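**Student:** Provided below for reference: sequence and predicted model.
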Amino acid sequence: MTKSHKNLRVLVRQLAKLAGVTNRTLHYYDQIGLLHPASYGNNGYRLYGEESVFRLQQILFYRELGFSLGATDYFSKPINRIALIESLRKLNLSSRIQRKPVNILVIDDDPQVLQLVTALLEAEGYGVLRAQRAMDGIDLAIEVQPDLILLDLLMPEMSGFDALERLKQHPTAKNIPVIIFTSDDLSREDRDRINTKIRGFLQKGQSIREMLLTEIRKFEKLYPDKARMVDGLTGFYNERYLHNRIADEAGRAQRFQRPFSLLMTNLDGFQAFNRKFGIEAGNQVLRESAELFRRNTRSANPLCRCGGSSFAVILTETTKELAAQVGEKMRSVIEGHIFTLGGEDARSIPPQRLTVSVGVSTFFEDGRTPEQILSQAQAALDRARSLGGNRVVKSAGLETARGGPDGGT
């Protein structure tokens, strides 16, 4: 590392303190990457720094190359100290943001619109970042990597069209879905210009809440991984997806007057299993159980993990009797399976057998709202567990069956 490079790193640390960076996070600034023009390498540039040079962010000194490598800012020598302090302050802000299940960046020059949209989204449980200037919005998008961007087209200094171009040129920001959010009608030429670069288009108006939430939920269904609705352990959808999907299915059932059913399951005695054999063994059981459920249900029926050893299956256009048969199949598959646990402690854990309890509810028959269907399925599951587990219980009449949904033994 050259002397000038060391001096610059000392400067960065000093200015980071002025930017309000805490001592706990200050050590990360030792790993800020510095790219400087030099007559080295095939492309004329040489990268100075440690092996983990890109661990946090990069501050580079050549604009086009910097942004092409994923930089969040650039500076020309001599470095403006105030500008660098502001850049580090933004970087510190991005490290302190508490992420919600879905984080949405709203870029709009109208403070009233920002306030209205923020209130709407936060009331629905979304995390909201705000920017009144296009460049500030671009900086936040690059630094924080939100899950979705709402972008106004008509802004001073830089239009939404230009901001969209800048975002799509950045190697990481280009993958963030964008919804255009504007008060004016777009010409056919303007629509053609941005059509392939955006996720959707919304026009500001009186019904903004309904339109906005509808478009965001479409995004969640199309990009469940980006919307953080996929369980990392099993690959199933998570509980938030379950609630959204149940609401959609309830609306569809009302329109077409066709029922759907919900299965809620729970592995019997799983907490005791975890205490005896450990969390890693428990995770292996959850992954294996998930695979068994996947193999024995239709691909069109969404599978969700609801925390712990609880799973749910949405059975579209399925009556209660047919749903109970699916539940019985799942119960039988788990009961007949031998869980062979691998890993370092495999020799100390003999093959295990487990059982599962299943609760069943059906739309129309057990309720006409998403909340009723969920609560009735949970009540049926609780009933199955209270009766000793390893059985299917149907909601309403709470008919029980051990070894079969119709009362067989």
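**Tutor:** Cool, got the structure. Numbering: from 1, shown residues only.

**Student:** all strands of the stretch 51-200 of the chain, in order?
**Tutor:** Secondary structure of the stretch 51-200 of the chain, counting by DSSP state E, counting those that start in this stretch: strands at 58-60, 73-74, 103-107, 127-131, 148-151, 178-182, 200-203.

**Student:** quick check: angle from the third one to strand 127-131?
**Tutor:** Between the axes of strand 103-107 and strand 127-131, defined by axes from the mean of the first three to the mean of the last three CA atoms, to 10 degrees, the angle is 20 degrees.

**Student:** so which of the strands of the stretch 51-200 of the chain is the most surrounded?
**Tutor:** Ranked by mean neighbour count, these are led by strand 148-151 with a mean of 26 (mean count of other CB atoms under 10 Å). Quick note: C-beta positions are derived from backbone N, CA and C, even for glycine.

**Student:** that one packs against which elements?
**Tutor:** Other elements packing on strand 148-151 under the criterion 3 or more CB pairs under 8 Å, 6 or more residues apart in numbering; DSSP states H and E are strand 103-107, helix 134-144, helix 160-169, strand 178-182, helix 208-222.

**Student:** what's the angle from the first one to helix 134-144?
**Tutor:** With the same axes, to 10 degrees as the criterion, the two stretches strand 103-107 and helix 134-144 enclose an angle of 160 degrees.

**Student:** with just CA atoms, put strand 103-107 into PDB.
**Tutor:** The C-alpha trace of strand 103-107 is given here as PDB (Å, rounded to 0.1, in the frame of the first residue of the first chain):
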ATOM      1  CA  ASN A 103     -38.700  -2.300   2.200                       C
ATOM      2  CA  ILE A 104     -39.900   0.200  -0.300                       C
ATOM      3  CA  LEU A 105     -38.100   3.300  -1.500                       C
ATOM      4  CA  VAL A 106     -40.400   6.200  -2.500                       C
ATOM      5  CA  ILE A 107     -38.800   8.900  -4.700                       C
END
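
**Student:** partner strands of that strand, with direction?
**Tutor:** With DSSP bridges as the criterion, the sheet partners recorded for strand 103-107 are strand 127-131 (parallel), strand 148-151 (parallel).

**Student:** same thing with the fourth one?
**Tutor:** Sheet neighbours of strand 178-182, with direction, are listed as strand 148-151 (parallel), strand 200-203 (parallel) (DSSP bridges).

**Student:** how about the strands paired with strand 103-107 in TSV, adding mean pLDDT and distance to Glu280?
**Tutor:** Converted to TSV, these look like this (pLDDT from 0 to 100; distance: least, CB to CB, whole Å):
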stretch	mean pLDDT	distance to Glu280
strand 127-131	89	31
strand 148-151	89	35
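
**Student:** for Gly232, find the nearest of these.
**Tutor:** Shortest separation from Gly232 across these is recorded for strand 127-131, at 18.9 Å, computed as CB to CB.

**Student:** could you give the angle of the closest one to helix 160-169?
**Tutor:** Comparing the axes of strand 127-131 and helix 160-169 via the same axes, to 10 degrees yields an angle of 120 degrees.

**Student:** rewinding a little: mind putting the strands paired with strand 178-182 into CSV with distance to Arg368?
**Tutor:** Compiled in CSV, the strands paired with strand 178-182 are given as follows (distance: least, CB to CB, whole Å):
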stretch, distance to Arg368
strand 148-151, 32
strand 200-203, 30
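
**Student:** Gly235: which of those is closest?
**Tutor:** The minimum distance between Gly235 and these falls on strand 148-151, with 22.3 Å, by CB to CB.

**Student:** please save the CA atoms from that closest one in PDB.
**Tutor:** Provided in PDB are the C-alpha atoms of strand 148-151 (Å, rounded to 0.1, in the frame of the first residue of the first chain):
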ATOM      1  CA  LEU A 148     -39.100  -2.200  -4.500                       C
ATOM      2  CA  ILE A 149     -38.900   1.400  -5.800                       C
ATOM      3  CA  LEU A 150     -41.800   3.800  -6.300                       C
ATOM      4  CA  LEU A 151     -40.600   6.500  -8.700                       C
END
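
**Student:** shouldn't Asn266 be within a helix?
**Tutor:** No - assessed with DSSP: H, G, I helix; E, B strand; the rest coil, Asn266 is strand; it does not lie in a helix.
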